[in-house]
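A.B. asks: let's see this in three dimensions:
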Amino acid sequence: MITYPSLDYYFDYPEIYVYAFDKLDGSNIRFEWSRKRGFYKFGTRNILIDKNTDFFGKSIDIFLDKYSNDLDKIFNSKKYKNEKGFVCFGEFLGENSEYGQHDLNDKFDVVLFDVFIKEKGFVEPEDFINDFGHLNIPKVVYEGILDDNFINDVKKNKFNLSEGVIAKGVLKSKKNEKKLYYCKIKTDSWLLKLKEKYGESALKEEFKKKQFS
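C.D. replies: A predicted model of the protein is given here:
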């Protein structure tokens with residue numbers, strides 16, 4: 001079962017057209033769908049789970065109740081009917097979730113944030129918005145060129161974000177081959193709170209991490 005790709009910070013970014021999605025502060029959960037079995041395999045970022053798995057197991061019914069019927073329709077639509085399978089990625093979070101930690105007494109939700117097509121790759125960001133945007137997906141807070149102005153706006157939290165954004169775009173080679181580009185940008189206020197709560201070492205570790213966190 002594919003895991004979500006490692007994401008770098010924006011530091012060496014290309015100036016390309018991007019869609020920037022509100023980055024929710026929770027835990028990465030994945031749900032695999034096949035044409036024969038529907039949704040049949042589930043996991044956190046690192047391990048497989050089922051409905052009996054402590055804590056994270058509750059994300060499965062939340063996701064299925066919220067998304068399974070609508071996703072079945074999309075995956076069986078004309079555009080996707082020839083694809084063998086998909087892995088859906090969601091953020092599992094409660095009202096008090098932050099820095100990957102959760103209050104077990106919270107009411108939890110799962111928000112779909114990306115879809116991987118087996119044997120092809122991730123759905124391009126524009127297609128994700130067009131094809132899945134009528135479902136509950138993270139808010140698109142910006143659409144335009146990835147540049148210093150936008151990055152500074154995110155850092156200064158002009159979009160009223162809880163954590164930051166994931167910016168997604170498409171790089172094209174001279175041969176017109178496409179490659180998806182993702183990067184994360186976090187607000188200065190989120191990083192400052194991380195430092196205050198967990199110390200300077202946690203801040204340094206944050207910039208070393210290459211994962212969806």
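
A.B. asks: do a quick rundown of the strands in the protein.
C.D. replies: Using DSSP state E, the strands of the chain run over residues 17-23, 27-34, 38-44, 48-49, 85-94, 108-117, 121-122, 140-145, 164-172, 178-186.

A.B. asks: for those strands, give me TSV that also has distance to residue 157.
C.D. replies: For the C-beta atoms, the positions are set from N, CA and C on the backbone; glycine is no exception. Listed next are the strands of the chain as TSV, based on distance: least, Cβ to Cβ, whole Å:
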stretch	distance to residue 157
strand 17-23	12
strand 27-34	23
strand 38-44	29
strand 48-49	33
strand 85-94	19
strand 108-117	20
strand 121-122	27
strand 140-145	11
strand 164-172	9
strand 178-186	10
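
A.B. asks: any chance of those strands in JSON lines, plus mean neighbour count, distance to residue 1 and mean pLDDT?
C.D. replies: As requested, these are exported to JSON lines (neighbours: other Cβ atoms under 10 Å; distance: least, Cβ to Cβ, whole Å; pLDDT from 0 to 100):
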{"stretch": "strand 17-23", "mean neighbour count": "22", "distance to residue 1": "23", "mean pLDDT": "97"}
{"stretch": "strand 27-34", "mean neighbour count": "21", "distance to residue 1": "6", "mean pLDDT": "97"}
{"stretch": "strand 38-44", "mean neighbour count": "17", "distance to residue 1": "6", "mean pLDDT": "97"}
{"stretch": "strand 48-49", "mean neighbour count": "16", "distance to residue 1": "7", "mean pLDDT": "97"}
{"stretch": "strand 85-94", "mean neighbour count": "21", "distance to residue 1": "7", "mean pLDDT": "97"}
{"stretch": "strand 108-117", "mean neighbour count": "21", "distance to residue 1": "10", "mean pLDDT": "98"}
{"stretch": "strand 121-122", "mean neighbour count": "16", "distance to residue 1": "15", "mean pLDDT": "96"}
{"stretch": "strand 140-145", "mean neighbour count": "15", "distance to residue 1": "27", "mean pLDDT": "97"}
{"stretch": "strand 164-172", "mean neighbour count": "20", "distance to residue 1": "21", "mean pLDDT": "95"}
{"stretch": "strand 178-186", "mean neighbour count": "18", "distance to residue 1": "19", "mean pLDDT": "94"}
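
A.B. asks: closest to residue 192 out of those strands?
C.D. replies: Nearest to residue 192, of all those, is strand 178-186, at 10.3 Å by Cβ to Cβ.

A.B. asks: what comes into contact with that closest one?
C.D. replies: Contacting residues not belonging to strand 178-186 are listed as 5, 7-10, 13-14, 16, 18, 20, 23, 121-122, 124-125, 146, 151, 154-155, 163-173, 212 [Cβ atoms under 8 Å, 6 or more residues apart in numbering].

A.B. asks: who does the longest helix along the chain touch, helix- and strand-wise?
C.D. replies: For the chain, the helix that runs over the most residues, judged by DSSP state H, is helix 58-75. Counting contacts by 3 or more Cβ pairs under 8 Å, 6 or more residues apart in numbering; DSSP states H and E, helix 58-75 is packed against strand 27-34, strand 38-44, strand 85-94, strand 108-117.

A.B. asks: what does that helix rub up against?
C.D. replies: Looking at what lies outside helix 58-75 - Cβ under 8 Å, 6+ apart - the contacts are 29, 31, 33, 35, 38-39, 42, 49-51, 80-81, 83, 86, 88, 90, 92, 108-110, 112, 131-132, 134-136.
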